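Peer 1: My questions concern the predicted model and sequence given below.
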Amino acid sequence: MRVKTKCYLGGLFVAVVALSLRLYDLGEESLWIDEAITYGRATLPLDRLIADTLRRKHVPTYFVLMHFFVTIGDSEFWLRLPSALLGTMTAVLLYAAGYVLRGLWAGVAAGLLVALSPIHLGYSQEARMYTLGTCACALATLCSAALFAAVTRRHSARLTSLHAWPWWGLSIASLLSLYNHNTGLFCVAGLQCVGLCLWWGCRDARPLVLRNWLLCQGVALLLWLPWLPHLRAQAGTFDKWHNPPMSIDHAAIMLERLFSLNGDYGAPTLVVAALAVLPLLRRSQRDGAWLALLGFSLAGLLAATLASLLKANMFFVRTLLWVTLPLFLLLGCGLSRWRSAVTRFVLLLALVVVHVPALSQYYTTERKPPWRPFLAQLAAQRQVDEPILSLRGARFTRYYFGRKTDPLPAQPAVEYRPGTTLAANLGGTPKRFWVVVQMRSNRARGFLKLLQRSTYRPTLRLARKGAYIARYERR
C-alpha cells in the first residue's frame, strides 16, 4: 500500500471515530444554562451581541460565528454541531501532527486519544467556544511538528522561508486562540517554549529561525492589540468570587479530570501511558520536539497558575483543555518508537480499552442536566397569575425555557432592578411568585439575601445545575 494511501486511511479512521462519538445523542438533551446563553446571544442583532459579550467578559468571535450559523437552524443538534465538527477537526489535526513528526502509529495514537477522551467529547457536545480554542491549539501543534520534522530531515527551506505554511499557520493559530477566549494567552505563552526549543535545535539557521518566529508571533500580537483595552477593562471588573479560590487540591482535581484519571480507570490509564512513552526515556531518542511538546503544556499550566494566584482562579478544565494535546502527541510519539509492530498494536489497543469505562460513564451519568423535564414541572406547579422574577428578565427565561418547541409556560419574566423593593419589581405584593437565578455572581448572592430578609419564604425548590429555581410565598 502506498504511503499516501496509508496516511489518508489513518486520518479517515480517526475522523470517523471522533465524529461518530460526537454526533451520538448530540441533540437528545435540552440546552443547559451556558448553552442557553449562547443561543440567546447568537440570536441578537450584531451590535447588541457584541455589547452583551463585552459586558459578560467574553470575546465575541465565537458568538458572531454562531449568529450566522443559527440563521440556518437553532435546534439543540444544530447549535452543538459546530462544536462537534471542531472537536473532530482537533482529532484530525493532531493525527496529522503525529504523522508529520513520527509517522502513522504516532498519528493514529494521538488522534484516537483526542477522539476517545471524555473531556474532549463533553465539550465537543456543548454549544460553547472551548472547542474552537482547542482546535486552534491543534493547528499550532501541527505547525510546530512540521517545523521540528524539518529540523530532523534538514529541510532548511521550510525553516528559513517566511512563505512556508507552518510559520503562517502558527500566526493564524495564535490569533484565533487570542480572539476566541481571554485565556488563549496561556496557549500563546506555551508556544514561546516551542519557539525557544526550535531556535536551539537549528544551530545552522538560528538567526533566520528567530526572525521568522518573532515575525509570525509579532503579527498575531499586533492584530490582537485592538482587543487589549477590552481585556484590561474586563480584567479590572472581574469578580474574584466568580470562581472558587486557587488551591493545590483544586488544581489536582482539575488535572485528574483533564487527563481522565479520576475513577477506577485512572491507574490503568497511567500504566499504559507510562509504557507507551518508555522509549523516549532513552537518551538516543530525545530531541527538541520531545522537550518542546512537554514545555508547551507545562508553560501553559504555569501561566494559568500564575494568573490564578495573582488575579482570579482560571485553572479550570474548560480553559486548559488544549494542554492535553501536546502531551497526547508526545505519548503517540513514544508509542511509535517501539520497534515491534506487535508491541505498538497492543499498546494502542490498551489505550482504547482503558477509555471504554470513562466513555461509558460519560454517556450514562455525566450528562448535562435536561431542562425539558423542569419545564413540564414548572408548568404543572405554577399558577397563571404567579410572576417569574429573575436577574436577567424576559430574555433569560426565553433562553432557558422558551425554545420554539417548548413554549413558555408563563408570561415573560420580570427583571429584578437592584436598589428597588420586591413590590416595585413584582408590580405589587402577590401571594406567590417564582425566582430563577443563575448562581454565578455576587449579584445573585445579594439577591438571594434580599429574599431571605423579605416577607416571603421558599416553599418549593427545583434544583438544576448552576441555577436556583424556587417558589416563594408570603410568610
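Peer 2: Nice, I can see it. Numbering: from 1, shown residues only.
Peer 1: How about residue 84: what's its closest non-neighbour residue?
Peer 2: residue 22 (3.9 Å; Cβ to Cβ, 6 or more residues apart in numbering). Where you see a C-beta, it was placed from the backbone N, CA and C, and this is true even at glycine.
Peer 1: And the helix or strand containing the one you found, what's buried?
Peer 2: Assigned by DSSP states H and E, residue 22 falls within helix 3-23. By neighbour count on 16 or more other Cβ atoms under 10 Å, the buried set for helix 3-23 is 7, 10, 11, 14, 15, 17, 18, 19, 21, 22, 23.
Peer 1: residue nearest the centroid of this structure?
Peer 2: Nearest to the mean C-alpha position of the chain, by Cα atoms, centre = their mean, lies residue 130 at 2.6 Å.
Peer 1: quick one: pLDDT of that residue?
Peer 2: In this model, residue 130 is scored at 93, pLDDT.
Peer 1: tell me the secondary structure for residue 126?
Peer 2: At residue 126 the chain is in coil, as set by DSSP: H, G, I helix; E, B strand; the rest coil.
Peer 1: Distance check, it against residue 134.
Peer 2: Distance from residue 126 to residue 134, counting by Cβ to Cβ, to the nearest Å: 12 Å.
Peer 1: Which one of these two is surrounded by more residues?
Peer 2: In terms of neighbours (other Cβ atoms under 10 Å), residue 134 is the more surrounded of residue 126 and residue 134; the figures are 31 against 22.
Peer 1: Contact partners for that one?
Peer 2: By Cβ atoms under 8 Å, 6 or more residues apart in numbering, residue 134 lies in contact with 86, 87, 90, 120, 123, 321, 322, 325.
Peer 1: immediately after the helix or strand where the third one lies, which helix or strand?
Peer 2: Spelled out, it's residue 90. Here residue 90 sits within helix 76-102, counting by DSSP H and E. Using DSSP H and E, the next helix or strand after helix 76-102 towards the C-terminus is helix 104-116.
Peer 1: quick one: low-confidence parts of the stretch 51-200 of the chain?
Peer 2: In the predicted model of the stretch 51-200 of the chain, residues 155-158 satisfy pLDDT under 70.
Peer 1: picking up where we left off before, relative orientation of the helix holding residue 90 and helix 104-116 in degrees?
Peer 2: Per axes from the mean of the first three to the mean of the last three Cα atoms, to 10 degrees, the angle that helix 76-102 makes with helix 104-116 is 160 degrees.
Peer 1: What residues sit buried inside helix 76-102?
Peer 2: Neighbour counts over helix 76-102 (16+ other Cβ under 10 Å) mark 76, 79-102 as buried.
Peer 1: Can you give the domain ranges for the chain?
Peer 2: Here the domain parsing of the chain from automatic domain parsing is 3-364, 372-474.
Peer 1: any idea which of these is most buried?
Peer 2: Compared across the domains of the chain, domain 3-364 shows the largest average neighbour count, a mean of 19 (mean count of other Cβ atoms under 10 Å).
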